[in-house]
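Asker: Task: produce atomic coordinates for the following.
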Amino acid sequence: MNYLFPLLAVAIWSGNTVVNKLAVGQIAPAEIGFFRWLLAGLLLTPFLLRATLAHWPTIRANLGKIVTLGLLGMAVYQCLAYYAAALTSATNMGIILSLMPLMSLALAALMLNHRMNLAAVLGALVSLGGVLLVITQGNPRQLLSHGMNLGDGMMIVATLAYGVYGVLLKKWNLPLPPLLMLYLQVLVAIIALAPLYIASPHHGLTSTNLPLVLYAALLASIVGALAWMQGVARMGPSRMALFFNLLPVLTAAIAAVVLDERLTSYHLIGGALTLAGVLLAELWRPREKPAAAIGAR
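Answerer: Got it, this is the predicted structure:
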């Protein structure tokens, strides 16, 4: 039963990567980004307004940190993903997203002084090789002569932003309930994206793009987040991280069916290398000496 929560969350987020691609031409990136968080905020407000007022002294004391988290995790990450979708495939986006656990590991080493063992370093190199294979369409030398596809570059920056978000979330560990933290970050995203929405071209909500906005707002923003929180509470963050590695596989499968995206040999080999690198870093951990384990208690 516990496995249903992470599987549901990853399936929803994989679908949302495909929704990003479906939104191209149907609704402007700034529009879907703004409407997504606006709708999510309106739906959450009746349930969390009282909790916001009750925790206001803590919120006010940590307002700068909450704003930073909201900008990185909600505004920058998802907005860049919407813009990237116009320039790259959903399959590429899913494979690049699978770098997030390793990025978080490397950032934790830099920002939290966590040690990266040999397996983590090797895993990072293997995964990086896999992603390079995908973004250069099987010819890494192309990166030197033609550079990187702008959409893939945006997706790498978006993934990095979310990696920083995850590390800061752990570093600061704010004394607020998880659902309230989600709500506060949604409010930050609404305020941050409002100027971009006003300044950008508008398609307006239509019968074609409204289902995409509803999927992003209801399923990706609320249901997926709640399922992931339940999974973390029941299974712990380390075990949950392994389920995130299913994202590129599910994204590629959904994109093949919904978008008719064709999987090439470089997708398969690059995706396998990326996944293998992450699994290597997360599963191959050195055993602690008994004395060190006792001393840590």
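
Asker: which stretches of the stretch 101-250 of the chain have low pLDDT?
Answerer: In the predicted model, the stretch 101-250 of the chain carries pLDDT under 70 at residues 114, 116-117, 120, 124, 134-135, 137-148, 236-242, 245.

Asker: what ranges do the helices span in it?
Answerer: 118-135, 142-146, 150-172, 178-199, 210-214, 224-235, 237-244, 247-258 (DSSP state H, counting those that start in this stretch).

Asker: Out of those helices, the one nearest Ala51 is which?
Answerer: Checking the helices of the stretch 101-250 of the chain against Ala51 by Cβ to Cβ gives helix 178-199 as the closest, at 5.1 Å. (Glycine included, C-beta is placed from N, CA and C.)

Asker: could you check the angle helix 224-235 makes with the longest helix along the chain?
Answerer: For the chain, the helix with the greatest residue count under DSSP state H is helix 29-54. For helix 29-54 against helix 224-235, the angle between stretch directions is 50 degrees (axes from the mean of the first three to the mean of the last three Cα atoms, to 10 degrees).

Asker: Can you point out the buried residues in helix 29-54?
Answerer: 29-41, 43-44, 48, 51-52 (16 or more other Cβ atoms under 10 Å).

Asker: same deal with stretch 156-176?
Answerer: 156, 158-169, 174, 176.

Asker: How about stretch 261-276?
Answerer: Applying 16+ other Cβ under 10 Å to stretch 261-276 flags Glu261, Tyr266, His267, Gly270, Gly271, Ala272, Leu273, Thr274, Leu275, Ala276 as buried.

Asker: what's the fifth one in contact with, if anything?
Answerer: So that's Gly271. Ile95, Ser98, Gly130, Val134, Pro248, Val249, Ala252 (Cβ atoms under 8 Å, 6 or more residues apart in numbering).

Asker: and it, how far is that from Leu97?
Answerer: For Gly271, the distance to Leu97 (Cβ to Cβ, to the nearest Å) stands at 11 Å.

Asker: so what sits against both of these two?
Answerer: Pro248.

Asker: What distance do you get for the spatially most central residue of the chain to Val76?
Answerer: Geometric centre of the chain, nearest residue: Tyr162, 5.8 Å, by Cα atoms, centre = their mean. Between Tyr162 and Val76 the computed distance is 8 Å (Cβ to Cβ).

Asker: wait, Gly277 sits on Leu132?
Answerer: No - the pair Gly277 and Leu132 does not pass the contact test of Cβ atoms under 8 Å, sitting 11.6 Å apart.

Asker: Between those two, which has more neighbouring residues?
Answerer: For the pair Gly277 and Leu132, the greater number of neighbours falls to Gly277 (27 against 18), based on other Cβ atoms under 10 Å.

Asker: After the longest helix of the chain, which helix or strand is next? Please name it.
Answerer: Under the assignment DSSP states H and E, the closest C-terminal helix or strand after helix 29-54 is helix 56-61.

Asker: tell me what that following helix is packed against?
Answerer: The contact analysis (3 or more Cβ pairs under 8 Å, 6 or more residues apart in numbering; DSSP states H and E) places helix 56-61 against no helix or strand.

Asker: quick one, what contacts Ala220?
Answerer: Ile12, Trp13, Gly15, Asn16, Val19, Arg36.
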